[in-house]
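S.K.: Let me see the structure of the following:
(one chain, ligands or ions: 1)
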Amino acid sequence: MAGVTSRAVFTKPKVELHCHLDGAIRLKTILHFAKKRKIQIPAENEDELHKLITCSKPSTLTEVLSKFSYYMPVIAGDREAIQQIAYELAEDKAKEGIVYLEARYSPHYLANCNVHPIPWGQTEGDVSPDEVVHLVNQGFQRGQCDFGIKVRSILCCIRHMEAWSLEIVELCQKYRNAGVVGIDLAGDELMDAESHPGHVQAYEMAVKCGIHRTVHAGEAGPASVVREALEIFKSERVGHGYAIISDPVLYKEILEKKIHIEACPQSSVLTGACDPDFTKHPVVTFKKDKANFSLNTDDPLIFGSTIYTDYNIAAEHMTFTEGDFMEMNLNAATSSFLCPKEKENLLNYLKRKYGMAQDVCY
Ligand SMILES: O=c1[nH]cnc2c1ncn2[C@@H]1O[C@H](CO)[C@@H](O)[C@H]1O
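M.R.: Below is the predicted model of the structure:
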């Protein structure tokens, strides 16, 4: 497995489509709000917090997801904290050369009222999932102005919290002109979709309302979860999707339909989804077969990474060239959930920066 490194391999403008806002918080910010809100966490400084939260060895998705419970009580239910993590993510990603980011999160996991059960053992407060979306939008909006990055949000349904899903699609509708561009389904994908009609209903409504859809599938789970994501949830993109390699019929279909796969190399090894030998990683096959995919960080706080960690892995172990990175980023832009006009502007901007003509401003 490659060590964490921040050496810049591809310094041109980049697009990132799969990054969890709540998996991308600064250690300093967690410590700041723990102190400010007098919330006890089992770490007193950045080193201790890093040791507690960051995975350095291959583990399991369940173990990775358990890390959130150490710090989410510090951020959830606090207006200033919620707005600040969004603002800081825009800054961090702009510094990494990301010009367009789709950040995802569960509004319910950051709320402390109008949510059942109230997450993270919080006592009831007055920050609802609806207000969380408003606060995150404001944070991103400020970040966009200050750091010259475009940020859009994807709202996550959570597999084992089916009762939250209809509200997610309603929030996607309500805030579609304020920065929310899509719906996702995150969490433990081993739970069967058909026995969870709440998610299916939410996705049906998303289709009806023209809300863009992605689903975490084929990460810890088998290829059948990816098929379900495409056929039942009508997902336009697949989060992770590594398991498709094991189902040649499905894989062929995905290649033919150019369905976008949001790959996260560093994450895939630390969650135990993929073999630690990156030379045998599904992304190597995706590149060889000219699949439509992107490279993403997923949860940089938990994986101790930046976008350069994933790009370095691709360059050092998967033979990615500058041309491969450019092509992959153009695919990401094409498969983004931006409206057609903004997508065209983004593509023209990237092509110009990549020296592929097109003299149009972004
Ligand atoms: O790699 C992943 N697979 C599935 N779910 C994830 C992953 N990373 C984070 N989350 C889940 O998505 C929620 C919203 O951002 C997070 O709170 C976490 O529970």
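
S.K.: and His260, what are its bridge partners?
M.R.: Arg237 (DSSP bridges).

S.K.: Number of residues surrounding the nearest residue to Ala86 once chain neighbours are set aside?
M.R.: Closest residue to Ala86 apart from its sequence neighbours, by CB to CB, 6 or more residues apart in numbering: Gly139 at 2.7 Å. All C-beta spots, glycine's among them, are computed from the backbone N, C-alpha and C. Counted with other CB atoms under 10 Å, the neighbours of Gly139 add up to 25.

S.K.: what does Pro117 give?
M.R.: Neighbours around Pro117, by other CB under 10 Å: 10.

S.K.: Next, the contact list for Lys51, please.
M.R.: Neighbour list for Lys51: Ala43 [criterion: CB atoms under 8 Å, 6 or more residues apart in numbering].

S.K.: can you give me the end-to-end distance of stretch 289-302?
M.R.: With CA to CA, to the nearest Å applied, stretch 289-302 spans 31 Å between its terminal residues.

S.K.: burial of Cys339, as a residue count?
M.R.: 12.

S.K.: ditto for Lys95
M.R.: Lys95 has 12 neighbours, counted by other CB under 10 Å.

S.K.: Once you drop chain neighbours, what's closest to it?
M.R.: Leaving aside its sequence neighbours, Lys95 sits nearest to Phe147 (CB to CB, 6+ apart; 7.9 Å).

S.K.: Test my guess that the residue nearest to Ala86 contacts Ile85.
M.R.: Yes - in terms of CB atoms under 8 Å, Gly139 counts as a neighbour of Ile85; the distance is 7.0 Å.

S.K.: Need the residues that contact stretch 184-200.
M.R.: 20, 61-62, 65, 104, 106, 154-163, 165-166, 203, 213-221, 225, 228-229, 232-233, 239.

S.K.: Now do the SS call for Asn112.
M.R.: At Asn112, secondary structure determined by DSSP: H, G, I helix; E, B strand; the rest coil is coil.

S.K.: Please enumerate the strands of this protein.
M.R.: Taking DSSP state E as the criterion, the chain carries its strands at 14-20, 98-105, 150-158, 180-186, 212-217, 237-240, 260-263, 293-295.

S.K.: partners of the shortest one in the sheet?
M.R.: Here strand 293-295 has these sheet partners by DSSP bridges: strand 260-263 (parallel).

S.K.: What's the local residue count around the closest residue to Tyr251 other than its chain neighbours?
M.R.: The shortest distance from Tyr251 to any non-neighbouring residue, by CB to CB, 6+ apart, is to Ile244 (4.8 Å). Ile244: 28 surrounding residues under other CB under 10 Å.

S.K.: I'd assumed Leu250 was in contact with Ile244.
M.R.: Yes - taking contacts as CB under 8 Å, Ile244 lies within contact range of Leu250: 5.5 Å.

S.K.: so what's in contact with these two at the same time?
M.R.: Residues within reach of Ile244 and of Leu250 at once, by CB under 8 Å, 6+ apart, are Ala223, Val226.

S.K.: In the chain, which helix is the longest?
M.R.: With residue count as the measure and DSSP state H as the assignment, the chain has helix 129-147 as its longest helix.

S.K.: dump the residue contacts of the residue nearest to Lys95.
M.R.: Contact analysis of Phe147 by CB under 8 Å, 6+ apart lists Ala90, Glu91, Ala94, Lys95.

S.K.: same deal with Ser153?
M.R.: 21, 102-105, 133, 136-137, 140, 175, 179-181.

S.K.: So for it, what's the nearest residue that isn't a sequence neighbour?
M.R.: That would be Val180: by CB to CB, 6+ apart, it lies 4.9 Å from Ser153.

S.K.: Quick check: residues of the stretch 51-200 of the chain near the ligand?
M.R.: Neighbours of the ligand within the stretch 51-200 of the chain, by CB under 6 Å from any ligand atom: Leu61, Leu65, Phe68, Arg104, Tyr105, Ser106, Tyr109, Cys156, Ala186, Gly187.

S.K.: Please repeat the previous calculation with a cut-off of 5 Å.
M.R.: Applying CB under 5 Å from any ligand atom, we find that the stretch 51-200 of the chain lies next to the ligand at Tyr105, Ser106, Tyr109, Cys156, Ala186.

S.K.: Among these, which one has the most neighbours?
M.R.: Within those, Cys156 tops the neighbour count with 28 neighbours, counted by other CB under 10 Å.

S.K.: close enough to count as contact, that one and Glu102?
M.R.: No - with contacts counted by CB under 8 Å, Cys156 stays clear of Glu102, the gap being 11.8 Å.

S.K.: what's the closest of the strands of the chain to Arg352?
M.R.: Closest of these to Arg352 is strand 98-105, at 11.6 Å (criterion: CB to CB).

S.K.: residue ranges with poor pLDDT in the stretch 51-200 of the chain?
M.R.: Within the stretch 51-200 of the chain, the segments meeting pLDDT under 70 span 191-195.

S.K.: Would you pull up the residue in it closest to the ligand?
M.R.: The ligand sits closest to Ala186 of the stretch 51-200 of the chain, with a gap of 3.4 Å, by CB to the nearest ligand atom.
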